[in-house]
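> sequence? don't have it. structure:
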């Protein structure tokens, strides 16, 4: 039982070690692939168990909760681990064709696996200080991946990414210290009970805002997002893709977890603040994207805008809103990573990601054009793709609360998203290439072509699958949201007693 | 004792914010070192400052005798110091490498990843 919770953390760590030992030989990259496949299998097993038995928890070294470190998986945690494994596998396959041997010899695959470890750990831990540690694991690996290679752009973007993220981590740590000071516990399930005993509610709200700022930086909420568009377009495409898919979403996950399980005593203040932050985030992100003229930089700004929708779902704090947030989270990771992969292939065959310097992709690479349209339309929220259902649920939740303005903004941002996507289409796909190059997929060697296209096709198929058969996914999101709003099962399983 | 800690933390935070407002990335980094140490003191003080014995449990007993210091914040601070030191070493190396590559530590001049359109036209 408890091993199921440990596998998603121990498998990538072991893979990282072995892949590092074999970094000088081609075996290293295949070890990385094999390790990620094992991670996917382990995460699906965990998911099956959670679906069947409800929340599962394990006490490390048999130190009973709340004294030791607890690993715990509810539906949200389990689905995030599955989606991490899927994105990880897609990325590792993509790297086979993209990452030069020079970077592999520097330990690229080991860093990538450590990143997966940190992300999985953050999703599975039930201890707030342990969450901080997993954040650090994830951060240090992401720092390495971001600047590996050391080009001028990477170092420049890297400085901003590293420094701003470090400030957020310090803020998180201060919040943990103060929270421990007023409650005397670090176990998240125990905190759920302990915050109800705290008399000084104002202090608790102040601590909640510290957490909001710390996770807001990670999640790239307005006005704390400036590190993201400065850095996400600089590293190799595979790194951009996994960052875009997973890292900000860990911040959103942490927001959802803490602001449903721990900080739910002053919803009127904290969640209203989140609501307006979410609205402004949506708008700034999409306007920033409209001003950009580079494939990856447009996509980077769209991450910010989409984060707004997820936080909006959390801020509404209704069953439907949270269900939308969970659905959005899963849909967005798949779609966003996929769009970055498409940008990478476009760069490979057309020579750049600057929209004014590429073109002709529709005429010469129609398959890529088709595969761009699926995630692009899904991002904008076209039926019958996954994004439609995600947006529909969030907007419906806002309308149910009679928040006409918020719902209107969410819909308008969707419209502007289409504008950005048509801009990419109109510059990169439709017109002829300015240098007269014919960007053909068939110019890429067969082996590399498979490695490049396989993740794109698989993720696009997943988007269509969620879009065409939303019923089981919606039901799942509903159950996950139910667990978040009423964490009795979570608390009972971790502490082993009735609250 | 709490008052002394609170004042120390306040001074450290004020100094670190002053440093972090500087455009020189190296000074920003020094500010961050101060800030992380201030936070370590916050954690330590939040765990209550008890002038008691070391938290050791005598043979055969299940709980320590009398008033003992809280061991948990010390463990947290220790972890935070170790992690903070690792990150500091990495960041220092990154700043140095950036200085060698870009030739500047002034954050206003770091526009390589986000070139300004006006700069391009002015031929900068």
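That came in fine, so what should we check first? As the structure is a prediction and not an experimental result, all values here were calculated from the model.
> where's the nearest residue to residue B:109 once chain neighbours are set aside relative to residue A:160, distance?
Closest residue to residue B:109 apart from its sequence neighbours, by C-beta to C-beta, 6 or more residues apart in numbering or on different chains: residue B:102 at 7.8 Å. The way it works is simple: take the backbone N, C-alpha and C, and place the C-beta from them, glycine included. Computed as C-beta to C-beta, to the nearest Å, the residue B:102 to residue A:160 distance reads 12 Å.
> And those two? Which one has more around it.
residue A:160 (20 against 17; other C-beta atoms under 10 Å in any protein chain shown).
> For the more buried one, give its distance to chain B.
With the distance defined as C-beta to the nearest C-beta, to the nearest Å, residue A:160 ends up 8 Å from chain B.
> now residue A:170
Counting by C-beta to the nearest C-beta - residue A:170 and chain B are separated by 5 Å.
> shared neighbours of residue B:102 and residue A:160, anything?
Common neighbours of residue B:102 and residue A:160, using C-beta atoms under 8 Å, 6 or more residues apart in numbering or on different chains, are residue B:110.
> where does the stretch 251-400 of chain A have low pLDDT?
Within the stretch 251-400 of chain A, not a single segment meets pLDDT under 70.
> give me the residue from it nearest chain B.
Nearest to chain B in the stretch 251-400 of chain A, going by C-beta to the nearest C-beta, is residue A:297, at a distance of 8.3 Å.
> Next: chain A.
Counting by C-beta to the nearest C-beta, chain A gets nearest chain B through residue A:181, at 2.9 Å.
> give me the element that residue is part of.
Using DSSP states H and E, residue A:181 sits in helix A:152-183.
> What is that helix packed up against?
helix A:128-147, helix A:188-194, helix A:201-219, helix A:227-231, helix B:25-46, helix B:71-102 (3 or more C-beta pairs under 8 Å, 6 or more residues apart in numbering or on different chains; DSSP states H and E).
> Which positions within it qualify as buried?
Of all the residues in helix A:152-183, those buried under the rule 16 or more other C-beta atoms under 10 Å in any protein chain shown are A:153-183.
> Distance from the chain centre to that helix, please.
In terms of C-alpha atoms, centre = their mean, to the nearest Å, the centre of helix A:152-183 is set 18 Å apart from its chain centre.
> quick one: contacts for the residue nearest the centre of chain B?
The residue lying closest to the centre of chain B (C-alpha atoms, centre = their mean) is residue B:36, at 1.6 Å. Residue B:36 is in contact with A:170, A:173, B:80, B:84, B:88, counting by C-beta under 8 Å, 6+ apart.
> Can you give me the separation between the second one and residue A:351?
When distances are taken as C-beta to C-beta, residue A:173 and residue A:351 turn out to be 44 Å apart.
> which residue packs closest to the residue of chain A closest to chain B, ignoring adjacent ones?
Nearest one to residue A:181, counting by C-beta to C-beta, 6+ apart, is residue B:46 at 2.9 Å.
> Can you report how many residues neighbour the one you found?
Residues near residue B:46, counting by other C-beta under 10 Å: 21.
> Just to check, it is in contact with residue A:175?
No: under the criterion of C-beta atoms under 8 Å, residue B:46 makes no contact with residue A:175, lying 10.5 Å away.
> Closest residue of chain B to chain A?
residue B:46 (2.9 Å).
> still on that earlier bit, what's the residue nearest to residue B:109 in contact with, if anything?
Counted by C-beta under 8 Å, 6+ apart, residue B:102 has contacts A:152, A:155-156, B:109-110, B:112.
> And for residue A:315?
Applying C-beta under 8 Å, 6+ apart, the residues near residue A:315 are A:271-272, A:274-275, A:277-278, A:321.
> And for residue A:479?
Per C-beta under 8 Å, 6+ apart, neighbours of residue A:479: residue A:75.
> re the thing from before, next, format the contacts of residue B:102 as a markdown table and append pLDDT and distance to residue A:329.
What follows is those, written out as a markdown table (pLDDT from 0 to 100; distance: C-beta to C-beta, whole Å):
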| residue | pLDDT | distance to residue A:329 |
| --- | --- | --- |
| A:152 | 84 | 34 |
| A:155 | 87 | 31 |
| A:156 | 87 | 30 |
| B:109 | 80 | 38 |
| B:110 | 81 | 33 |
| B:112 | 79 | 33 |
